[in-house]
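> Sequence and predicted structure are below.
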Amino acid sequence: MRYDFGEHSLDVDRQELRRGSEQISIEPQVFDLIVYLLRNRDRVVSRDDMIVGVWAGRIVSDSAVTTRINAARRALGDSGTAQMIIRTVQRKGVRFIADVSGIARRRPQCCPHPSSSNRNRPLPNPRSWSCRSATSVATRAKIILLMR
């Protein structure tokens, strides 16, 4: 999925943030924070929501969250004063406010789906699959458990 807003383009699949044609180098956690705010742009996101969504519920100090928000603003050419992309809502949280257009890109399938032409073929060994998406990892775990 690619999101375009202002002069920026954020490609989630490629883990890239661009300003025009220039790629912007940011830390992975800052990238994840921007993606989380983009996907939840219809509401104000509290610090607790960010901790659950970006840090997976780990214990994180308020200063660490603030540092990441400031880094996200810097990467986007925004500031705490201007707040043209990420706006702070006092005592509530932050909200991504830039106008966004999303472009869905068809993702290649990592594992073949059974079709009528290969129904009689044995299923591939789950341990040899090279997919790393969360869905395929969960599916492989279930299959491996069932095989035992």
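Nice, I can see it.
> Let's see the pLDDT reported for Gly77.
Per-residue confidence (pLDDT) for Gly77: 94.
> begin at 22 from here
That works, and once the first residue is 22, the last one we named lands at Gly98.
> Pretty sure Arg40 is one of the things it touches, is it not?
Yes. Counting by C-beta atoms under 8 Å, Gly98 does reach Arg40; the two are 6.8 Å apart. Bear in mind the C-beta positions are built from the backbone N, C-alpha and C, glycine included.
> Can you work out which residues contact both of these two?
Taking C-beta atoms under 8 Å, 6 or more residues apart in numbering as the contact rule, Gly98 and Arg40 both touch 28-29.
> so Glu37 touches Gln44, yeah?
Yes. Using C-beta under 8 Å, Glu37 is in contact with Gln44, at 5.9 Å.
> ranges for the helices of the protein?
Taking DSSP state H as the criterion, the chain carries its helices at 49-60, 68-76, 83-96, 155-168.
> Columns mean neighbour count on top of these, output as JSON lines?
Converted to JSON lines, the helices of the chain look like this (neighbours: other C-beta atoms under 10 Å):
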{"stretch": "helix 49-60", "mean neighbour count": "19"}
{"stretch": "helix 68-76", "mean neighbour count": "16"}
{"stretch": "helix 83-96", "mean neighbour count": "16"}
{"stretch": "helix 155-168", "mean neighbour count": "11"}
